[in-house]
Each structure stands twice: as structure tokens, then as C-alpha cells.
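Asker: Predicted model and sequence below, questions to follow.
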Amino acid sequence: MYASGSTWLFNAARDTAVAALPEQRVTGLYAETLDVLRGLDPAVLNVVKTHHLPQDATNFMALNATRILVSIRDPRDAVTSLMQHMGLPFAMALQWVERSGAFCAHFARDKRAELFVYESWFTDDPATFDRLEAACGGSLGTQARAELFTQSRRSVIEAKIARLEELPTMWRNERSGDLVDTATHWHRHHAGRTGEVARWARLLPEEAARVIEARMADWMRRFGYLA
């Protein structure tokens with residue numbers, strides 16, 4: 001789901017697989033079309049990040065995925081984050097969150113799925129790497145687990161983002177001016193975040209919050225965001 005810690009989870013999952021499966025070649029990429037998924041090397045452990053896929057690509061993923069990691073967040077906070085950090089207008093932010101939320105809900109009950117809830121602070125919990133270790137089927141030693149957690153701290157990530165322009169894998173969005181590292185998918189707009197929960201209550205107009213609740217009421221009840 002957009003703004004749910006998905007980039008953090010993508011990097012943590014890929015790095016865990018690399019450390020836990022030293023004999024296995026691991027790659028990480030972003031996919032939003034069937035062509036990208038069809039181009040994956042079946043001899044490689046492919047860690048794929050996506051927010052949503054068209055139906056043909058969704059069917060392909062459902063058929064071929066070994067494990068599915070799903071991250072979700074209160075839609076009111078997710079919309080607020082997209083508006084605040086990416087400059088999206090409310091209607092577009094809601095559309096992105098609604099669509100990615102529906103995609104996550106589709107797979108959340110799959111027997112291969114592992115659900116990561118933003119409000120559980122999984123990005124700051126060392127036990128998340130135990131869950132990722134189990135998901136990839138490998139084995140992490142105590143030192144490797146500690147190193148993975150250290151490298152996933154916000155201060156370390158902020159330092160990486162500060163050096164984006166120096167990276168050979170950097171790409172600049174000429175329309176928005178945003179920078180992204182195509183290897184990690186950290187964007188410049190990921191910098192300066194606080195991870196605050198319930199930010200929407202002080203930043204989102206009440207009318208906008210009610211629109212989100214009306215549009216996503218069933219989804220929010222299913223995942224415990226509405227009574």
C-alpha cells in the first residue's frame with residue numbers, strides 16, 4: 001500500500017534474503033506491468049515491489065509468487081502522506097491509496113501472505129527480521145540480524161538519500177524533479193519523514209477524512225481502522 005513502509009519492507013526483505021541465503025542469487029526490482037514480471041529470471045530469487053498491478057499481471061503474480069509480503073496503513077494517514085510529501089492533490093492521493101489498498105486486501109488472506117501493519121511499528125521492530133527470515137526460508141545468524149537492523153535505521157537511510165545524486169543507479173524525474181535510486185527505490189521525498197501515526201487528525205481537513213472513511217469504510221473495518 002502506498003505510504004505504508006513499503007520501500008523499507010522491500011529493502012529489508014531483499015537484504016534478509018541475501019544474508020540468509022548466501023548460495024542463492026537475489027535480485028530486487030519494481031514492477032507494475034506484466035511484461036516486467038514475465039521478464040524475471042526463474043533461476044533467481046526475485047524480490048518484487050509493487051503497489052498495484054493490472055489484472056493480467058495480478059493473475060501472473062498469484063500463479064508464480066512463493067511468498068507475498070503485504071504492508072498496510074490507515075488510509076487517512078496514507079493520503080495525508082502522499083499529499084504532504086509527494087504534493088498530490090487530495091483526489092489523486094485517495095485514488096492511489098484506494099487502489100493499492102484494494103490490491104493488498106486481495107492478497108492479505110492468501111496462505112502465502114505475511115501482513116505488516118504500519119501502526120505496529122514493524123520498521124522499528126528487530127523481530128521483523130525474524131519474520132522475513134522465516135518468509136525467505138533461510139537462516140540468519142545473530143550478528144547478521146543485528147547488522148540488518150542497524151542498516152535499516154532511519155538515520156542510515158537518510159544518509160543514503162542525501163547521497164542519491166552520487167549513485168550510478170540514480171534517476172531523475174524531469175517532470176517533478178524527484179530523485180530515486182533505482183536499486184533501493186529510495187526517493188528524495190522519503191527524506192525528512194517522522195513516521196507519525198494519526199497525523200491525519202491534525203493535518204487533514206475533517207471533510208476530507210470523512211470522504212476517505214466513506215469511500216473505504218469496508219476496507220477500514222476489515223483491518224480495524226474503523227469500528
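Answerer: Great, that's in hand.

Asker: wait, what's in contact with Thr184?
Answerer: Thr7, Asn11, Lys160 (CB atoms under 8 Å, 6 or more residues apart in numbering). Bear in mind the C-beta positions are built from the backbone N, C-alpha and C, glycine included.

Asker: should've said Arg73
Answerer: Taking CB under 8 Å, 6+ apart as the test, what Arg73 contacts is Met1, Ala3, Ser4, Gly5, Val117, Tyr118, Glu119.

Asker: filter those residues to the buried ones?
Answerer: Met1, Ala3, Ser4, Gly5, Val117, Tyr118 (16 or more other CB atoms under 10 Å).

Asker: Which member of the residues you listed is positioned nearest Thr150?
Answerer: Gly5 (17.6 Å; CB to CB).

Asker: one step back: quick check: PyMOL command selecting the buried ones in the contacts of Thr184.
Answerer: Those of the contacts of Thr184 that count as buried under 16+ other CB under 10 Å are selected in PyMOL with:
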select buried, resi 7+11+160
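
Asker: Inside helices: which ones of the contacts of Thr184?
Answerer: Thr7, Asn11, Lys160 (DSSP state H).

Asker: from memory Thr33 sits against Thr58, does it?
Answerer: No. Counting by CB atoms under 8 Å, Thr33 sits too far from Thr58 to count as a contact (11.1 Å).

Asker: Which one's more surrounded, those two?
Answerer: Per other CB atoms under 10 Å, whichever of Thr33 and Thr58 has more neighbours is Thr58, with 17 against 13.

Asker: Which helix or strand contains that one?
Answerer: Taking DSSP states H and E as the criterion, Thr58 maps to helix 55-64.

Asker: Thanks a lot, catch you later.
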